[in-house]
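[1] This is the structure alone, sequence omitted:
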């Protein structure tokens, strides 16, 4: 879709199980260290590992392959900062939220960091430290909002989704992932921009009705004699056998 992402490659669990060394060779040929390994269809940092050498790469792949049949290998950045922006809308009607910057001393936010920190009080993700709005320039903010909307539309999303981006040391942004419901309503980002939670829910209901109406504009049936021809073909085949 022409969106900036980190260099990556992928492989299937079958290939890893059949020839682990060849799989590791292919990853090293495609990407420099450090390398992040991720299960393709999971979130919340489950199964994600970082490798700085072949031994760590082998371990990270083994863990990721236990969670998914398709595994993504991605080039790591040196000291990146995370910038997140939510998008609300459907079709061409999209609105970006203010941006946030999660604050953590950890290089990778683990499942425990995201959901169990402060869990005794039931806060989970809300207990994470974050700066809202993100302490980036006005130009970077506009670019983050533009990229978030472009990713939302490229995937034909509706409702609300939070797009997570990485800011490298040179100030360039690239898209890391998109979080849909229930991953993130990002209500706090909309509240910061002047949209209280009840208003956010009203907008979500509005877009759901709009999507439902559009769905009913599409035809889901098509008249064809293909099955009739199939039955005639089977009858002819039986006759030929006799």
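    Now that the structure is in, tell me what you want to look at. Note that this is a predicted model, so its numbers are computed, not measured.

[2] just checking, what's the longest helix in the chain?
    helix 197-215 (DSSP state H).

[3] So which other helices or strands are in contact with that one?
    strand 81-90, strand 158-167, helix 187-192 (3 or more CB pairs under 8 Å, 6 or more residues apart in numbering; DSSP states H and E). For glycine as for every other residue, the C-beta is placed from the backbone atoms N, C-alpha and C.

[4] where's the shortest one relative to the chain centroid, distance-wise?
    For helix 187-192, the separation from the chain centroid amounts to 20 Å (computed by CA atoms, centre = their mean, to the nearest Å).

[5] Contacts for it next, please.
    Residues from elsewhere that reach helix 187-192 (CB atoms under 8 Å, 6 or more residues apart in numbering): 84-86, 88, 97-100, 126, 132-133, 160, 162, 196-197, 199-200.

[6] mind putting the helices and strands packed on helix 197-215 in CSV, mean neighbour count included?
    Converted to CSV, those look like this (neighbours: other CB atoms under 10 Å):
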stretch, mean neighbour count
strand 81-90, 23
strand 158-167, 22
helix 187-192, 18
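
[7] I'd like those written out as CSV, with mean pLDDT and distance to residue 145 added.
    Below are the helices and strands packed on helix 197-215 laid out as CSV (pLDDT from 0 to 100; distance: least, CB to CB, whole Å):
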stretch, mean pLDDT, distance to residue 145
strand 81-90, 95, 5
strand 158-167, 94, 9
helix 187-192, 93, 11
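
[8] give the contact list for the closest residue to residue 172 other than its chain neighbours.
    Residue nearest to residue 172 in three dimensions, not counting chain neighbours: residue 4, with 7.3 Å by CB to CB, 6 or more residues apart in numbering. Residue 4 makes contacts with 147, 172, 173, 174, 175, as judged by CB under 8 Å, 6+ apart.

[9] hey, which helix or strand in the protein has the poorest pLDDT?
    Here the helix or strand of the chain ranked lowest by mean pLDDT, DSSP states H and E is helix 111, holding a mean of 59.

[10] Next secondary structure after that one?
    Past helix 111, further along toward the C-terminus, the next helix or strand under DSSP states H and E is strand 130-131.
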